[in-house]
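[1] Any chance you can model this:
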Amino acid sequence: MSIPQNLRYTKEHEWARIEDSVATSGLSDHAQEALGDVVFVELPEVGAQVKAGAPFAVVESVKAVSDIYAPVSGEVLAVNEALEEHPELVNSDCYGQGWIARIRIEGDTVELLDPVAYATFLEE
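    Okay, here's the model as predicted:
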């Protein structure tokens with residue numbers, strides 16, 4: 001299982017790449033592996049306000065339908081429209097082409113874990 005060192009993670013298994021005041025987010029390798037083959041991603045609306053720790057998207061796999069939680073509060077600046085035609089990118093490249101949304105950080109963030117803390121959390 002891959003846990004890139006340049007990302008932060010939530011306890012719900014989302015990742016965030018924070019650059020300036022924008023967080024690019026998606027599902028962690030652990031999450032996509034647990035879900036199995038992803039067949040549909042319901043993306044948030046561009047311009048929507050999201051709250052850290054609250055559901056903001058949905059992923060459907062062959063095993064389950066699961067909420068995706070916002071790692072930060074703010075405005076959705078962009079969504080990965082490629083997932084509408086190719087939801088399997090969440091499985092094949094969860095930290096790259098399988099990203100879900102970009103959010104302008106405004107206010108609160110959930111307690112994001114560094115890679116070491118996330119790895120420890122997964123072991124518990």
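
[2] Using the three-state scheme, assign the residue nearest the centre of the chain.
    In the chain, the C-alpha nearest the mean C-alpha coordinate belongs to Gly26, at 2.3 Å (Cα atoms, centre = their mean). Assigned by DSSP: H, G, I helix; E, B strand; the rest coil, the conformation of Gly26 is strand.

[3] Look up the pLDDT of it for me, please.
    For Gly26, the pLDDT comes out at 97.

[4] Over to the one 10 residues further on?
    The score at Gly36 is 94. That number is its pLDDT.

[5] which stretches of this protein form strands?
    Assigned by DSSP state E, the strands in the chain fall at 8-9, 14-19, 22-27, 38-42, 49-50, 55-61, 65-69, 72-79, 101-109.

[6] Ranking those by mean neighbour count, which comes first?
    Mean neighbours per residue, mean count of other Cβ atoms under 10 Å, is largest over these for strand 22-27, with a mean of 24. C-beta: built from backbone N, CA, C; applies to glycine.

[7] shaky segments in this protein?
    Across the chain, the ranges flagged by pLDDT under 70 are 108-110.

[8] re earlier: pretty sure the residue nearest to the centre of the chain is in contact with Val90, am I right?
    Yes - with contact defined as Cβ atoms under 8 Å, Gly26 reaches Val90; the gap is 7.1 Å.

[9] All good on my end, thank you.
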